[in-house]
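Enquirer: please work out how this folds:
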Amino acid sequence: MRLRSIVARNLRLLRQASGMSQEQLADLASVDRNYIGKLEREENSPTVDTLEAIALALQVDVEWLIRRPPPDRH
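Expert: Residues are numbered from 1 along each chain as shown. Take a look at the predicted model:
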């Protein structure tokens, strides 16, 4: 799985788990709402600074945004 896909998946899951809309997250992270959508759709790659701002807005360590899913045991 590509890192861009991992960030998109984790961002969406963390945002939804926090109960935030894309707009609410964008406001807290000081980025454009359309940019959050583009990140979640894998249309853009975030900078390190943006990852940090989003993690702060979600109140998680930035590692949660880039953490790979555990391998399948099949």
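Enquirer: where does the prediction get shaky in this protein?
Expert: By pLDDT under 70, the weakly predicted segments of the chain are 70-74.
Enquirer: repeat that with 90
Expert: By pLDDT under 90, the low-scoring segments of the chain are 1, 69-74.
Enquirer: in what helix or strand does the spatially most central residue of it lie?
Expert: Centroid-nearest residue in the chain, with C-alpha atoms, centre = their mean: residue 11, separated by 2.4 Å. Secondary structure from DSSP states H and E places residue 11 in helix 3-18.
Enquirer: which other helices and strands contact that helix?
Expert: Applying 3 or more C-beta pairs under 8 Å, 6 or more residues apart in numbering; DSSP states H and E, one finds that helix 3-18 makes contact with helix 22-29, helix 33-40, helix 48-58, helix 63-66. Just so you know, the C-beta spots here come from the backbone N, C-alpha and C atoms, and that holds for glycine as well.
Enquirer: turn those into CSV, including mean neighbour count and distance to residue 4.
Expert: What follows is the helices and strands packed on helix 3-18, written out as CSV (neighbours: other C-beta atoms under 10 Å; distance: least, C-beta to C-beta, whole Å):
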stretch, mean neighbour count, distance to residue 4
helix 22-29, 18, 17
helix 33-40, 18, 9
helix 48-58, 17, 12
helix 63-66, 15, 10
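Enquirer: quick revisit: quick one, what contacts the residue nearest to the centre of the chain?
Expert: Taking C-beta atoms under 8 Å, 6 or more residues apart in numbering, we find residue 11 in contact with 36, 39, 40, 54, 65.
Enquirer: repeat the analysis, applying 7 Å as the threshold.
Expert: 39, 40, 54, 65 (C-beta atoms under 7 Å, 6 or more residues apart in numbering).
Enquirer: how about the third one: what's its closest non-neighbour residue?
Expert: Put plainly, it is residue 54. Excluding the flanking residues, the one nearest residue 54 by C-beta to C-beta, 6 or more residues apart in numbering is residue 29, at 4.8 Å.
Enquirer: wait, doesn't the one you found sit right on residue 51?
Expert: No: with contacts counted by C-beta atoms under 7 Å, residue 29 stays clear of residue 51, the gap being 9.7 Å.
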